[in-house]
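Undergrad: Starting from these lines, generate the structure:
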Amino acid sequence: MIASDVDGTREAVENGVNGFLVPASNPQAMADAILKVAGDPSLRETISRNAIRTIREKFDVASMTKEIELVYEQLGK
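TA: Residues are numbered from 1 along each chain as shown. Here you go, the predicted model:
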């Protein structure tokens, strides 16, 4: 994943590990990141593998449900 470095994406993307974060409103940085990933098959494979691991660890249904339950519990206090 290549995404703008804004709130929300930082929760999912660890820059250089499972994707790349570029400054918001910087099309040149976005283009550079795209070209970097497109030109390096090994990097694409590593980033992809790490992204799949991140999704399985942080964003599976059980984890997301638990996080939502915690929010509701805190709101009820």
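Undergrad: how about the strands of this structure, start to end?
TA: Secondary structure of the chain by DSSP state E: the strands cover 2-4, 20-22.
Undergrad: Redo those as a markdown table? Include distance to residue 52, mean pLDDT and mean neighbour count.
TA: Every C-beta, even on glycine, is put in place using the N, C-alpha and C of the backbone. Listed next are these as a markdown table, based on distance: least, C-beta to C-beta, whole Å; pLDDT from 0 to 100; neighbours: other C-beta atoms under 10 Å:
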| stretch | distance to residue 52 | mean pLDDT | mean neighbour count |
| --- | --- | --- | --- |
| strand 2-4 | 16 | 96 | 17 |
| strand 20-22 | 16 | 97 | 20 |
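Undergrad: where's residue 34 relative to residue 56, distance?
TA: Using C-beta to C-beta, to the nearest Å, residue 34 is found at 25 Å from residue 56.
Undergrad: let me redo that: residue 41
TA: 23 Å.
Undergrad: Then residue 11?
TA: Counting by C-beta to C-beta, the separation of residue 11 from residue 56 is 15 Å.
Undergrad: for residue 29, same thing?
TA: Look at residue 29 and residue 56: by C-beta to C-beta, they are 29 Å apart.
Undergrad: the more surrounded of these two?
TA: residue 29 (17 against 10; other C-beta atoms under 10 Å).
Undergrad: Quick check: pLDDT value at the residue nearest the centre of the chain.
TA: Ranked by distance to the mean C-alpha position of the chain (C-alpha atoms, centre = their mean), the top residue is residue 13 at 2.2 Å. For residue 13, the pLDDT comes out at 96.
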